[in-house]
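In: what's the 3D shape of this:
(one chain, ligands or ions: 1)
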Amino acid sequence: MLKALTSTCCSHTSFGANVQRHVTFGDLTSPLLRVLRGQNRKSPYVFRRFFCSDSTDGSEPVDPEVKRVELSEDEAVADSKASSAIVSTAFRPEDYLTVIALPLPHRPLFPGFYMPIYVKDPKLLAALVESRKRQAPYAGAFLLKEEEGTDGSELEKNMYELKGKDLFNRLHEVGTLAQITSIQGDQVFLIGHRRLRITEMVSEDPLTVKVDHIKEKPYDKDDDILKATSFEVISTLRDVLKSSPLWRDHAQTYTQHIGDFTYPRVADFGAAISGGNKLQCQQVLEELDVHKRLQLTLELVKKEMEISKIQESIAKAIEEKISGEQRRYLLNEQLKAIKKELGLETDDKTALSDKFRERLDPKKEKIPPHVLQVIEEELTKLQLLEASSSEFNVTRNYLDWLTALPWGEYSDENFNVIQAHKILDEDHYGLTDVKERILEFIAVGKLRGTSQGKIICLSGPPGVGKTSIGRSIARALNRKFYRFSVGGLSDVAEIKGHRRTYIGAMPGKMVQCLKSVGTANPLVLIDEIDKLGRGHAGDPASAMLELLDPEQNANFLDHYLDVPIDLSKVLFVCTANVLETIPGPLLDRMEVISIAGYITDEKMHIARDYLEKMTREACGIKPEQVEVTDSALLALIENYCREAGVRNLQKQIEKIYRKIALQLVRQGAVGVQLQPDELKAKSGSVSNETVIVEGSDNTAEAEIVVDSASDQNPNSTDQSGTSEDTLEAEKIHESETLEKVLIDKSNLDDFVGKPVFHAERIYDQTPVGVVMGLAWTSMGGSTLYIETSQVEQGEGKGALNLTGQLGDVMKESAQIAYTVARAILLEKDPENPFFTNTKIHLHVPAGATPKDGPSAGCTMITSLLSLALNKPVAKDLAMTGEVTLTRRILPIGGVKEKTIAARRSDVKRIVFPEANRRDYDELAPNVKEGIEVHFVDDYRQIFELAF
Ligand SMILES: Nc1ncnc2c1ncn2[C@@H]1O[C@H](COP(=O)(O)OP(=O)(O)OP(=O)(O)O)[C@@H](O)[C@H]1O
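Out: Numbers count the residues shown, from 1 in each chain. Take a look at the predicted model:
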């Protein structure tokens, strides 16, 4: 603040430096003292330059030497010439009664102080230069009055535009006689001398005014009040200056001598360096009563003191804030050191080691010795490493994994076959093969006393419950369940882990599994094993082999862990949609259980007993609120969800129940809305407010109104009766309005839309040349037609065209069929030249679906013969079987799927190869129901059946 204050006296930094040079208080100490005491009359300029009290008194003439010191060397030379011609008495300040008026924008100039100003008006500047040359270096400095409604910045701008009378009117009457010490460019340096008062204007441009020199009113130097006030000003100034380190030196110099100043000087000095605004300063300047002036100054410096205190406290607060953090850090460090010294706390490393040892201790007996050894070595290494090194982190993470694994921890297995059976039945309908296999596994475990790790592979179309049965098996065996999908997995590191040297290295899935389940005998479900990716670095299939092979996995080596772990107690269950894509060696180690898909009857059971129940609970609907009829369910299965699995069926059921939930909530909303009406009828004591809300749609609002009715009269028994009635009414109403939602075949459309599934059966009566075959895909079995048609006829035009996105095997199969059909026709009707003279087109719809495989061989022959003989084939007959050139029928795959598909398409008779008789015999009776199967090993038998 003081810096700012002082710079107001010399408000330009460039000039500030100048001032510093002139006003070096340390240097001036003795001359100033002497001048103030009137001892050194020879060189009064030093004093005058700083504090011109003698000149302002009017007792001291200005020495021409004063000027010489202030001028530059050139000016001094010129000046010396000029001065020789002018009488020195011409420079007495009190002789100046007409002066050029200089406007001051910011602060008044106090006697004894420097002030640089800029003079932008060239005429004025020229006049000042001229007057200096004429040995009359004095002007009047007057503070400019502020125009109403303007701020300071505009004042300076406008100042240069003010001229003559306007300027005159804007000047404060009282100002200072200012000596022009030097002029550099448009910068003029002034020293204040004595107070002036404007009496009249003399000329306009530059503004020249007549002035009176004014003096303070006489005062008694020994007046105690005056003395006390001035001392108070001095002591306050001393305090202010002391608290500001920047001005401490100056303060010392000043305060040493300030006692020698006259009272008016002390007042002027205090006001000049204070931070008072320009009007306050002007007030001090205008005040001629010394006591009053001192009081005004005292006010200003006291204020300065307060500001200085605030400044100090702000600085202190900030300093404290910054150093606080640092202090806390240091204290913390000290605290740590002290604690360590006293043995109260160990350092990070020891704490870490202790944590790991704590983990190890309870299972130390079960940990294999070689693993224990590695752990001990690593723990020792941890102590030797620098805590901030990367190696330390690697070792810490490694130890974390090693100690977190469930070494020798097993969950108590369930060997109770009956209980396991119950659990399996609870979760899934049917799936007898799978369930039987699991029960066998449990039985063996019970007899042996321990269970073994095994690999079961569940294969089948999507949505038949492969994944969910895996979870159910874990529940039945009381093992922890962990599932991970290897579909598209191409990085071996996912299975075997990264080597520890890599940044961000992680162990493989199996180690992660063991850590997360916390037991060494979980059930691990490896999903989508048929979609295992082909790795660019390493072969994931081989890694899987190591993981799954019971011979190898007792010592499974994870790259990260680097110590063998025993996975032989883990039960692996894999799922796959097709077996073909599973790598041979892997498949060889698995026990495959295929789940073929469900027939309508099974789907009905699953929907009724499992999916519906599950969905109903998930939607929060009570069994009595809804009824889905058998016919609706049947229609849903037959017309909407004809695929092998039940996932789509589940989705449709969920759709139905969501719609029911919405319907119920809507009904409920209507019910509560009507409530106030009912209450009115019942109790007749509902306030008017209720009536207002009658018919409102907003349930919440209606409820609030009823509440407020009871609030109004809390003690009334009538009212409490009303709230009970409310609940009662709610219940009655709910049961009345919430009608049971009935879903029947007729309104099924409203819930699930129109059927999307059109019958696979294109023809009601198969025309000539069209025969139904049976196919099998990863989505399950399906029926498909083989169509043949005649393109053109002519001598020797016999040929065969194939369409329908057939694969190579199927194309070859068609060629074989063509040959066999020709041979058979030759046998049956030697005269018939059909194949020789007819170009035939064979197509397999739908054209957009790629098809392959040899199993449509016998269907193709039948189709070609039907066309050649111009005889349609029985409509309820479907066939499948690969044919050799010698007409033998070879076995096919997917007997169950094909049977199910045939039943879906209302086929009554199926032709299967004789070699598949065993597969068929194994099918559950409900799958075979209503089907007449013919097993054939030669095409001739099919010919008899078809025609
Ligand atoms: N036999 C069944 N009894 C009861 N629910 C079943 C049965 N089969 C399947 N589900 C139900 O069908 C849904 C789909 O089953 P899941 O997800 O296990 O099929 P998935 O065979 O694993 O299919 P994907 O091959 O696509 O993985 C599950 O909610 C499951 O509960």
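In: Give me the distance between Asp95 and the ligand.
Out: 115 Å (Cβ to the nearest ligand atom, to the nearest Å). Yep, even glycine has a C-beta here, placed from its N, CA and C like the rest.
In: ah, wrong one, I meant His605
Out: From His605 to the ligand the distance is 8 Å (Cβ to the nearest ligand atom).
In: my hunch is that that residue is in a helix, does that hold up?
Out: Yes. Counting by DSSP: H, G, I helix; E, B strand; the rest coil, His605 is part of a helix.
In: Now do the contacts for it.
Out: Applying Cβ atoms under 8 Å, 6 or more residues apart in numbering, we find His605 in contact with Tyr429, Gly430.
In: Around the ligand, which positions in the protein sit nearby?
Out: Residues of the chain found near the ligand (Cβ under 6 Å from any ligand atom) are 428-431, 462-468, 575, 577, 606, 610, 646-647, 650.
In: What about these, which are in helices?
Out: Lys466, Thr467, Ser468, Ile606, Arg647, Gln650 (DSSP state H).
In: care to break this structure down by domain?
Out: Residue ranges for the domains of the chain, per automatic domain parsing: 2-213, 224-306, 348-404, 417-594, 615-643+655-752, 770-946.
In: Put together TSV for those, with mean pLDDT on each row.
Out: Formatted as TSV, the domains of the chain follow (pLDDT from 0 to 100):
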stretch	mean pLDDT
domain 2-213	63
domain 224-306	78
domain 348-404	85
domain 417-594	86
domain 615-643+655-752	60
domain 770-946	85
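In: Now a ChimeraX select for only the buried ones of the ones in helices among the residues of the chain next to the ligand.
Out: In ChimeraX, this line selects whichever of those come out buried by 16 or more other Cβ atoms under 10 Å:
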select :466,467,606,647,650
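In: Of the ones in helices among the residues of the chain next to the ligand, which pair is most distant in space?
Out: Thr467 and Ile606 (15.1 Å; Cβ to Cβ).
In: can you put the domains of the chain in CSV and add distance to Tyr410?
Out: CSV is the format used below for these (distance: least, Cβ to Cβ, whole Å):
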stretch, distance to Tyr410
domain 2-213, 82
domain 224-306, 78
domain 348-404, 10
domain 417-594, 5
domain 615-643+655-752, 34
domain 770-946, 36
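In: now the longest strand along the chain: how far from the chain's centre is it?
Out: Longest strand in the chain, counting residues (DSSP state E): strand 187-203. Mean-position distance between strand 187-203 and its chain equals 71 Å (Cα atoms, centre = their mean, to the nearest Å).
In: Can you dump the C-alpha atoms of whichever helix or strand comes after it in CSV for me?
Out: Of the helices and strands lying after strand 187-203 in sequence (DSSP states H and E), the nearest is strand 208-213. The C-alpha coordinates for strand 208-213 follow below in CSV (Å, rounded to 0.1, in the frame of the first residue of the first chain):
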residue,chain,number,x,y,z
THR,A,208,-3.3,31.8,-16.8
VAL,A,209,-4.8,32.8,-13.5
LYS,A,210,-4.3,35.4,-10.8
VAL,A,211,-3.6,33.9,-7.4
ASP,A,212,-3.2,34.7,-3.8
HIS,A,213,-0.6,33.1,-1.7
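In: Strand 208-213 packs against which elements?
Out: strand 98-104, strand 187-203 (3 or more Cβ pairs under 8 Å, 6 or more residues apart in numbering; DSSP states H and E).
In: can I get those strands in CSV with mean neighbour count?
Out: Putting those into CSV (neighbours: other Cβ atoms under 10 Å) gives the following:
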stretch, mean neighbour count
strand 98-104, 22
strand 187-203, 20
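In: Of all the ones you listed, which one comes closest to Leu742?
Out: Among the helices and strands packed on strand 208-213, strand 98-104 sits nearest to Leu742 (Cβ to Cβ), with 100.2 Å.
In: Go ahead and name everything in contact with the closest one.
Out: Under Cβ under 8 Å, 6+ apart, the answer for strand 98-104 is 115, 117, 119, 124, 127-128, 131, 138-144, 159, 162, 167-168, 170-171, 175, 177-178, 188, 190, 196, 198, 202, 206-211.
In: Drop anything exposed from those.
Out: The buried subset of the contacts of strand 98-104 - by 16+ other Cβ under 10 Å - is 115, 117, 119, 124, 127-128, 131, 138-144, 159, 162, 167-168, 170-171, 175, 177-178, 188, 190, 196, 198, 206-209, 211.
In: Just to be sure, which of those residues are found in strands?
Out: 115, 117, 138-143, 175, 177-178, 188, 190, 196, 198, 208-209, 211.
In: residue in the chain nearest to the ligand?
Out: Gly465 (2.5 Å; Cβ to the nearest ligand atom).
In: And the nearest residue to Met201 once chain neighbours are set aside, how far from Leu162?
Out: Nearest residue to Met201, sequence neighbours excluded (Cβ to Cβ, 6 or more residues apart in numbering): Phe168, at 4.9 Å. The spacing between Phe168 and Leu162, counted by Cβ to Cβ, to the nearest Å, is 9 Å.
In: Burial check on Lys908, number of neighbours?
Out: For Lys908, the neighbour count with other Cβ atoms under 10 Å is 14.
In: Next up, the contacts around the residue nearest to it when sequence neighbours are not counted.
Out: Nearest non-adjacent residue to Lys908, counting by Cβ to Cβ, 6+ apart: Asp876, 3.9 Å away. The contact partners of Asp876, by Cβ under 8 Å, 6+ apart, come to Asp906, Val907, Lys908, Arg909.
In: Can you tell me which of those residues are buried?
Out: Val907, Arg909.
In: Using a markdown table, please lay out the contacts of Asp876 together with secondary structure.
Out: Shown next, in a markdown table, are those (three-state DSSP):
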| residue | secondary structure |
| --- | --- |
| Asp906 | coil |
| Val907 | coil |
| Lys908 | coil |
| Arg909 | strand |
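In: and of the contacts of Asp876, the nearest to Gly584?
Out: Out of the contacts of Asp876, the member with the shortest distance to Gly584 (by Cβ to Cβ) is Val907, at 34.8 Å.
In: what about the closest one, distance to Ile931?
Out: Spatial separation of Val907 from Ile931 under the definition Cβ to Cβ is 7 Å.
In: Repeat that for Ile942.
Out: Counting by Cβ to Cβ, the gap from Ile942 to Ile931 is 17 Å.
In: now do Tyr329
Out: Distance from Tyr329 to Ile931, counting by Cβ to Cβ: 85 Å.
In: neighbour count winner among these two?
Out: Neighbours per residue (other Cβ under 10 Å) separate Tyr329 from Ile931, with Ile931 holding more: 16 against 10.
In: residues in contact with that one?
Out: So Ile931 contacts Thr899, Ala902, Arg903, Val907, Lys908, Arg909, Ile910 (Cβ under 8 Å, 6+ apart).
In: how about the helices and strands packed on strand 208-213, which one is nearest Asn801?
Out: Once the helices and strands packed on strand 208-213 are compared by Cβ to Cβ, strand 187-203 is nearest, at 108.4 Å.
In: Pairing partners for that closest one, with directions?
Out: Within its sheet, strand 187-203 is paired with strand 114-118 (antiparallel), strand 174-184 (antiparallel), strand 208-213 (antiparallel), according to DSSP bridges.
In: just how off-centre is the last one within its chain?
Out: Centroid separation between strand 208-213 and its chain, computed with Cα atoms, centre = their mean, is 77 Å.
In: sorry, back to before: and the angle for the longest strand of the chain with strand 98-104?
Out: Between the axes of strand 187-203 and strand 98-104, defined by axes from the mean of the first three to the mean of the last three Cα atoms, to 10 degrees, the angle is 120 degrees.
In: Strand 187-203 to strand 138-143, inter-axis angle?
Out: Angle of strand 187-203 versus strand 138-143, following the same axes, to 10 degrees, is 90 degrees.
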